[in-house]
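Asker: need coordinates for the below:
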Amino acid sequence: MKSLLANIPRLSYALFAAFLVAMAVRSNNDTTVAIVASSVLMFAFCWANASHLLGIRAALKFVLIAVTFGWFAEQTGVSHGWFFGRYVYTDVLGWRLGDVPVVIPLMWFALCYTCYVISNLIVWRSAVDGSPRLSDAVFMSLLAAMIVTAFDLGADPYMVYTLKAWIMAKTDGWWFGETIQGFFGWVFVACAILFSFRMSVRKQVLRPLADFNKWHALLPLSAYASAMVFQLCVGHPMETRTIAVFAMGIPLLCALAGWQHWKTWPRADHAESQVSRARAAHMRYLADPLADTTMATILGPWPLTYDAAGQAAQWQKIAQVNRQFEQWKTNLSLLNWQPADTTLGPDIHLALQQYLQAGQVLPAWADRAKIERAEALFMDYGALSCSLLFCSSLPECYVVPDLSAVLHVAGQLEQHTDYRIRATAAMIFPVMMKGGLGQPDGSGLAQILKVRLIHATIRNLILRGSPQEAMHALGDQQHAKGAGVLTPLPAAGTDSMYQSLFAHGWKLGEDGLPCNQEELAYTLLTFSYVFLRSMRRLGLGLPPSDEEAYLHAWNVVGHVLGIRRELMADSMTQAEVLFAQMQARGRANPVSPDARPALGKALMTAMEQVIPFRLLKPVPVLMTRYLCGSPAADTIGLAGRVSWLSHGLFVLFMLKARIIDGMVRLVWSEFSISRLITRVLGYHFMSQILLDQTRPLKLPQHLLNDINSAMATWDHDPKAPQWLNNLEDRMTKPGKWNVPTTT
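Answerer: Below you'll find the predicted structure:
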């Protein structure tokens, strides 16, 4: 098999060269032998190229689907008038199978395959599909079918009137005698073939093989281009020659634009997770020894009687720690931190000092150049980044039941959505702004270490003690139902987050630790991998080196946050597999009651309320479904919030935007309608949620100033033409985007 695959590229080129010779012969003397030879050679080299691109089995599926369905459609057309109207084949096209010449179903495959590659290059900048979603499969199949039919606009009149390859029963149609039914038939049959193939390989990870490069993808494009040139030279009636240039030339140019920005995919069989299944399951029972020990030292043992009065000392200590956070403003403030609170006990003082000294050290593998590149990318896409936080990162956080349950209790998110959003932004902006992780005047390390200690506090409260003690008591009963159960306590009659966590209860044996290593790593991926995946889905995918730099910066964040290195991904391929595995394991452990729909609804409502245009209020739900996929969106309760018609029109609009982007980028290399949409959403989310100090969780003034300063640099999109910036101003505000803040 390996030797066969190794020779397929040479075979493809040889067959393509023979096909070009046959086409040259046809242009001078279009005989039956020349027609059959060129058709068979085109079929053969397309099959070889598909085997190289998709693999032997997937290519064979494509051939069988296209040939079988193509023959069936033609046979029923001849005998019953289905699909294309009634017609009869002559002897011009050679041997027949039933009433259909053998070369016809072969050409159905060749044309569908070439247009499959062309449509993928237009949308995904790759020769294979970039998304497994059903909605994408429908619209990508329709796009490719339209490109197939563009070929037929010139080919059909030539075959009927010049070659007399078949005779139509009706000759009074509007297209040089051809009826509109024939063209609808071409679109339907081609779409059915392409959609059926996509469904047959939907559960497979289709990536170009390791030795398949962008030059190999030119073969299908060249075949389509040769058909265009043939129609230009010998097409009849004469009008079809001009039509061919535009009908076939436009998708070819769009595909070439995508080809120039070829998306390199690593081999699918190299996309293995770094973590074995058994090891990953064990990660649910690991937490963060440094932060957990710090909080255990500060809080001490909880009293045996659980009442508010008996726990007063612990609540007071938590409040004291929270007051110290106000001093942790910059990375420099951590170096020689001393408490401003003179009532802080020496044990708490020492525990926090040791925690800061150990926690602020970056890992030895941290790459300053990659971190700086990631910071530059964040600033380049700042407003868009905010939209992706709201419409992809946070929704994906809510998909895992255990994680959503903790978020529900910790943030009481249904009632205080703004609090959770602003708390998340309070970490992301300082981390990703210039110098956040490496400069003394940055504040990324300070924010991360606050969040890390908050996670440890949540674990200590839910477990009513340190995770180490809880795991020691659990013993070898990991994954055992009914083991390590902490029963819920009566409500204390307060809205305090801490008391809600303490009274919540937990199933340690069955669910693992709260805020465990796997959940922390999964959350980290929602801010790194999910962001980059969303950029790809918007047609704004970054070069592989930039994607790896962005992942690296967030891996450094993960280290400071206490996440193990083995749970981090260095490439998008690793991240894709790791994220899917973690999400699948999380979904396998449902929690009752399920907090996910309420969390999703609260998030969508918060976004809808700040969009000033009533017609655009469904956009947050539609964008979330588009970026996260229907399964994730349905899990967090978005099903039914908008109609299927609205969803379909939105997907169609985004697809058209991708096509327009591909065409306009021939003039403006970084033009993007998708970026315009997400920038507009990002502006409204930032100005009315993040920077509104009347909402819950007032941001520290220094952080507010930093965000506002960054926002002031995002009012003009340097990648867009001026007229697009003017349109953006109409949907946001003219001039600087920074807003006066109320403290």
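
Asker: how far off centre is stretch 220-234?
Answerer: Centroid separation between stretch 220-234 and its chain, computed with C-alpha atoms, centre = their mean, to the nearest Å, is 35 Å.

Asker: adjust the sequence numbering to begin at 21 for everything that follows.
Answerer: In the new numbering, first residue 21, that becomes stretch 240-254.

Asker: extract the CA atoms of that stretch and return them as PDB.
Answerer: What follows is stretch 240-254, C-alpha atoms only, in PDB (Å, rounded to 0.1, in the frame of the first residue of the first chain):
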ATOM      1  CA  PRO A 240      -8.100  19.500 -10.300                       C
ATOM      2  CA  LEU A 241      -8.000  23.200 -10.900                       C
ATOM      3  CA  SER A 242      -6.000  22.800 -14.100                       C
ATOM      4  CA  ALA A 243      -8.500  20.200 -15.300                       C
ATOM      5  CA  TYR A 244     -11.400  22.600 -14.800                       C
ATOM      6  CA  ALA A 245      -9.400  25.400 -16.400                       C
ATOM      7  CA  SER A 246      -8.700  23.200 -19.500                       C
ATOM      8  CA  ALA A 247     -12.400  22.600 -19.900                       C
ATOM      9  CA  MET A 248     -12.900  26.400 -19.700                       C
ATOM     10  CA  VAL A 249     -10.200  27.000 -22.400                       C
ATOM     11  CA  PHE A 250     -11.800  24.300 -24.600                       C
ATOM     12  CA  GLN A 251     -15.200  26.000 -24.400                       C
ATOM     13  CA  LEU A 252     -13.500  29.400 -25.100                       C
ATOM     14  CA  CYS A 253     -11.900  28.000 -28.200                       C
ATOM     15  CA  VAL A 254     -14.600  25.800 -29.800                       C
END
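
Asker: so what touches it?
Answerer: By C-beta atoms under 8 Å, 6 or more residues apart in numbering, the residues outside stretch 240-254 that reach it are 36, 39-40, 43, 46-47, 50, 62, 65-66, 69, 130, 133-135, 137-138, 141, 147, 167, 171, 174-175, 178, 182, 260-261, 264-265, 268-269, 272, 275-276, 279. Bear in mind the C-beta positions are built from the backbone N, C-alpha and C, glycine included.

Asker: do you know the pLDDT at the closest residue in space to His72 that isn't next to it in sequence?
Answerer: Leaving out its chain neighbours, the residue that sits closest to His72 by C-beta to C-beta, 6 or more residues apart in numbering is Ile28, at 4.5 Å. If you check Ile28, the pLDDT there is 78.

Asker: residue contacts, Ile28?
Answerer: Neighbours of Ile28 in contact, by C-beta under 8 Å, 6+ apart: 68-69, 71-72.

Asker: neighbour-wise, which of these leads?
Answerer: Asn69 (28 neighbours; other C-beta atoms under 10 Å).

Asker: would you confirm that that residue contacts His236?
Answerer: Yes - Asn69 is within contact range of His236, at 6.9 Å (criterion: C-beta atoms under 8 Å).

Asker: what residues do these two have in common as contacts?
Answerer: Ser32.

Asker: residues near Leu724, how many?
Answerer: 18.

Asker: now Ala267. Nearest residue, chain neighbours left out?
Answerer: Ala267 sits nearest to Ala170 (C-beta to C-beta, 6+ apart), 4.1 Å away.

Asker: look up phi and psi at Lys501.
Answerer: In this entry, Lys501 is assigned phi and psi values of phi -70, psi 140 (degrees, to the nearest 10).

Asker: tell me the contacts of it?
Answerer: 527, 529-530.

Asker: ok, now with 6 Å
Answerer: Going by C-beta atoms under 6 Å, 6 or more residues apart in numbering, Lys501 touches Glu530.

Asker: could you measure from it over to Val221?
Answerer: When C-beta to C-beta, to the nearest Å is the yardstick, Lys501 and Val221 sit 38 Å from each other.

Asker: now swap in Arg153 and tell me
Answerer: From Arg153 to Val221 the distance is 14 Å (C-beta to C-beta).

Asker: strands of the stretch 371-520 of the chain, start to end?
Answerer: 505-506 (DSSP state E, counting those that start in this stretch).

Asker: now do the stretch 521-670 of the chain
Answerer: Going by DSSP E, counting those that start in this stretch, the stretch 521-670 of the chain shows strands at 526-527.

Asker: in the stretch 621-763 of the chain, where is pLDDT below threshold?
Answerer: 686, 712-720, 722-723, 758-763 (pLDDT under 70).

Asker: against Leu131, how distant is the residue nearest to Ala267?
Answerer: Taken as C-beta to C-beta, the span from Ala170 to Leu131 is 10 Å.

Asker: and the closest residue to Thr733 other than its chain neighbours, how many neighbours?
Answerer: Among residues not flanking Thr733 along the chain, Met399 sits closest, at 7.2 Å (C-beta to C-beta, 6+ apart). Using other C-beta under 10 Å, Met399 is surrounded by 15 other residues.

Asker: do the same with Gln358
Answerer: For Gln358, using other C-beta under 10 Å, the count is 8.

Asker: for it, which three-state class applies?
Answerer: Under the three-state scheme (DSSP: H, G, I helix; E, B strand; the rest coil), Gln358 adopts coil.

Asker: what score does it have for pLDDT?
Answerer: 86.

Asker: which helix runs longest in the chain?
Answerer: Secondary structure assigned by DSSP state H gives helix 22-48 as the longest helix of the chain.

Asker: now do the buried residues in that helix.
Answerer: 25, 28-29, 31-33, 35-36, 38-40, 42-43, 45-46 (16 or more other C-beta atoms under 10 Å).

Asker: give the next helix or strand downstream of it.
Answerer: helix 52-74 (DSSP states H and E).

Asker: I'd like to know which elements that following helix is packed against.
Answerer: On a contact count with 3 or more C-beta pairs under 6 Å, 6 or more residues apart in numbering; DSSP states H and E, helix 52-74 meets helix 22-48, helix 76-100, helix 123-144.

Asker: pLDDT on it, on average?
Answerer: On average, helix 52-74 scores 91.

Asker: between helix 22-48 and that helix, find me the angle.
Answerer: With axes from the mean of the first three to the mean of the last three C-alpha atoms, to 10 degrees defining the directions, helix 52-74 sits at 150 degrees from helix 22-48.

Asker: could you check the angle helix 123-144 makes with helix 52-74?
Answerer: Going by the same axes, to 10 degrees, helix 52-74 makes 40 degrees with helix 123-144.

Asker: comparing Ala170 and Leu131, which residue is more hemmed in?
Answerer: Leu131 (30 against 23).

Asker: next helix or strand past the strand or helix carrying Ile697?
Answerer: In this structure, Ile697 sits in helix 693-705 according to DSSP H and E. The first helix or strand that comes after helix 693-705 along the chain, using DSSP H and E, is helix 721-732.

Asker: ok, and for that next one, which residues are buried?
Answerer: 723-724, 726-728, 730-731.

Asker: now render the residues you listed as CSV, adding distance to Ile213.
Answerer: Shown next, in CSV, are those (distance: C-beta to C-beta, whole Å):
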residue, distance to Ile213
Leu723, 55
Leu724, 56
Asp726, 54
Ile727, 51
Asn728, 54
Ala730, 49
Met731, 49
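
Asker: of the residues you listed, closest to Ser591?
Answerer: Ala730 (28.4 Å; C-beta to C-beta).
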